[in-house]
Each structure stands twice: as structure tokens, then as C-alpha cells.
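Asker: Sequence below, structure please.
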Amino acid sequence: MTLGFLGSLGTGEIILIVLLVILFFGARKIPELARSMGHGIREFKTAQKEVQKELEKESQDIKKSVED
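Answerer: As a prediction, the model looks like this:
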């Protein structure tokens, strides 16, 4: 499985990073951090969809005004 954002990291490097994260944050804190990241990503996607809908609405309004 290749993940684009990991670039050319090998299995050994990924395992080392995971171990360092566990040592730094602790095993109990990681699920909380993951939930926080998931919530932040969800909010970002929601905001992105709202902006896209607003742009599409404005585009439709401009097209209607040009046609009239």
C-alpha cells in the first residue's frame, strides 16, 4: 500500500515514526489526537463544500443576469 504523502518512506522508517509518536504522545493520547484530526478535517471539508456551493450559486446568478 503506497500513500502519496509518505513519499519514498520505507517500512522501517514508518515503524520508527509510529514508535516515536507513541513514545511522545503516549498510547492513551493517540485516539484523542486522531479524533481531533478527524473533526478538523470534517470541518474543513464542510467549509470547502459551502464555499463551492456559494461560488456555483454566484456563477448561476451571473449567467442569469447576462442572459436577461
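
Asker: Is there a neighbour count for residue 9? I'd like the number.
Answerer: Neighbouring residues of residue 9 were enumerated by other C-beta atoms under 10 Å; the total is 13. For the C-beta atoms, the positions are set from N, CA and C on the backbone; glycine is no exception.

Asker: again, but for residue 64
Answerer: For residue 64, the neighbour count with other C-beta under 10 Å is 9.

Asker: let's have the chain start at 660 instead
Answerer: From this message on, residue numbering opens at 660, which makes the last subject residue 723.

Asker: who does whichever strand or helix holds it touch, helix- and strand-wise?
Answerer: Using DSSP states H and E, the element containing residue 723 is helix 688-726. For helix 688-726, the contact count by 3 or more C-beta pairs under 8 Å, 6 or more residues apart in numbering; DSSP states H and E identifies helix 670-684 as packing neighbours.

Asker: packing partners for the helix it packs on?
Answerer: Secondary elements touching helix 670-684 (3+ C-beta pairs under 8 Å, 6+ apart): helix 688-726.

Asker: Need the three-state assignment for residue 686.
Answerer: When classified by DSSP: H, G, I helix; E, B strand; the rest coil, residue 686 comes out as coil.

Asker: Look at it and report its pLDDT.
Answerer: On the pLDDT scale, residue 686 is placed at 82.

Asker: Tell me, please, where in this structure the pLDDT is lower than the cut-off.
Answerer: Confidence mapping of the chain against pLDDT under 70 gives the ranges 660-666.

Asker: now do 80
Answerer: 660-668, 727 (pLDDT under 80).

Asker: Centre-most residue in it?
Answerer: Centre of the chain computed as the mean C-alpha position; nearest residue by C-alpha atoms, centre = their mean is residue 700, 4.3 Å away.

Asker: residues in contact with that one?
Answerer: By C-beta atoms under 8 Å, 6 or more residues apart in numbering, the contact set of residue 700 is empty.

Asker: separation between residue 695 and residue 719?
Answerer: Residue 695 sits 37 Å away from residue 719, going by C-beta to C-beta, to the nearest Å.

Asker: got it, and residue 681?
Answerer: Taking C-beta to C-beta as the measure, residue 681 falls 50 Å from residue 719.

Asker: One more: residue 677?
Answerer: Here the criterion is C-beta to C-beta. By it, residue 677 lies 47 Å from residue 719.
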